[in-house]
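>>> This is a predicted model, with the sequence first.
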Amino acid sequence: MLQNLRLSFCKQATDPGIVPLVGLTKLRSLALGITQVTAADVAELQQPLPRYEVEK
């Protein structure tokens, strides 16, 4: 089961690309530093999954 995902420095990571991560209900930490994902979409991702720890 996937609990930690690090996409830092992955410039292909974008706002639309993180939408499917909502389905990873066992995910606990997500690293998105140096990506094209915006703070607004990180906040939107965290609404349905408040246990996510997101590093941006």
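On my side now, so go ahead.

>>> What's the separation between Glu44 and Arg28?
Glu44 is 18 Å from Arg28, where distance means Cβ to Cβ, to the nearest Å. Yep, even glycine has a C-beta here, placed from its N, CA and C like the rest.

>>> So what's the residue count around Thr38?
Residues lying near Thr38 (other Cβ atoms under 10 Å) number 14.

>>> per-residue confidence at it?
For Thr38, the model assigns a pLDDT of 93.

>>> so it touches Asp15, yeah?
Yes: contact criterion Cβ atoms under 8 Å: Thr38 and Asp15 qualify, at 5.8 Å.

>>> need the strands for this protein, in chain order.
4-6, 29-31, 53-55 (DSSP state E).

>>> worst average pLDDT in those strands?
Taking the mean pLDDT of those, strand 53-55 comes last: a mean of 85.

>>> Could I get the buried residue list for that one?
Val54 (16 or more other Cβ atoms under 10 Å).

>>> roughly how far is it from the heart of the chain?
Mean-position distance between strand 53-55 and its chain equals 7 Å (Cα atoms, centre = their mean, to the nearest Å).

>>> Which strands and helices lie in contact with that strand?
Here strand 53-55 touches strand 29-31, helix 39-46, going by 3 or more Cβ pairs under 8 Å, 6 or more residues apart in numbering; DSSP states H and E.
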